[in-house]
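> Here is my input; please provide its structure:
(one chain, ligands or ions: 1)
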Amino acid sequence: MSDCIFCKIIKGDIPSTTVFRDEHLTAFRDINPAAPTHILLVPNKHIDSVNALTGEDEQLVGHLVKVAGQLAAQEGIAEDGYRLIFNTGAHAGQTVLHIHLHLLGGAPMKYPMG
Ligand code: AMP
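Here you go, the predicted structure:
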C-alpha cells in the first residue's frame, strides 16, 4: 500500500535498523523502544491486522513466530524470557495498520499491561 509506513520501510524508501530480512518478512528495531530489545517483525506483503488474515497466511504467521524466537536467541534474551505481541485494533492500541509482531525483552516486564 503506497501510504503505509511499514511498506515504505520494506521497500527501503524510509530508513530502518533492519536486523533480519528474507522473502517473507522484514524485522527492524522499533523507533520508540518499549524495552531494551524491541524488534518489529513485519510481513513483506501488506496485511492490515490479525483480523485480515486468511488461511493462506497460516505459514507466514508461523514463520513470523519462528523467526522471532531466533532473533530472541540472537539478542541474548531467549533464556531470561521475552514477549511477543500482535496489537490488533483500537483497544489494543494498534497504530500502524500493517500487521506486525512485537518482540520485547531484555528486562522484567509486568503482566497484564495497562
Ligand atoms: P502498534 O502500536 O502495535 O501499531 O506498533 C507500531 C510500532 O511501530 C510502534 O511501537 C512504533 O514505535 C513503531 N514505529 C512507527 N514508525 C516506525 C519507524 N519509522 N521505524 C520503526 N518503528 C516505527
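> And the next helix or strand past the biggest strand by length in the chain?
Longest strand of the chain, by residue count under DSSP state E: strand 37-43. Next helix or strand after strand 37-43 toward the C-terminus (DSSP states H and E): helix 58-75.
> can you give me the angle that following helix makes with strand 37-43?
Computed by axes from the mean of the first three to the mean of the last three CA atoms, to 10 degrees, the angle separating helix 58-75 from strand 37-43 equals 160 degrees.
> Show me what counts as buried in helix 58-75.
Buried residues in helix 58-75, counted by 16 or more other CB atoms under 10 Å: 60-61, 63-64, 67-68, 71-72, 75. All C-beta spots, glycine's among them, are computed from the backbone N, C-alpha and C.
> I'd like the mean pLDDT over the longest strand of the chain, please.
Across strand 37-43, pLDDT averages out at 98.
> repeat for stretch 105-114
Stretch 105-114 comes out at a mean pLDDT of 88.
> ok, residues contacting it?
Outside of stretch 105-114, the residues within contact range by CB atoms under 8 Å, 6 or more residues apart in numbering are 35-37, 72, 75, 77, 80-83.
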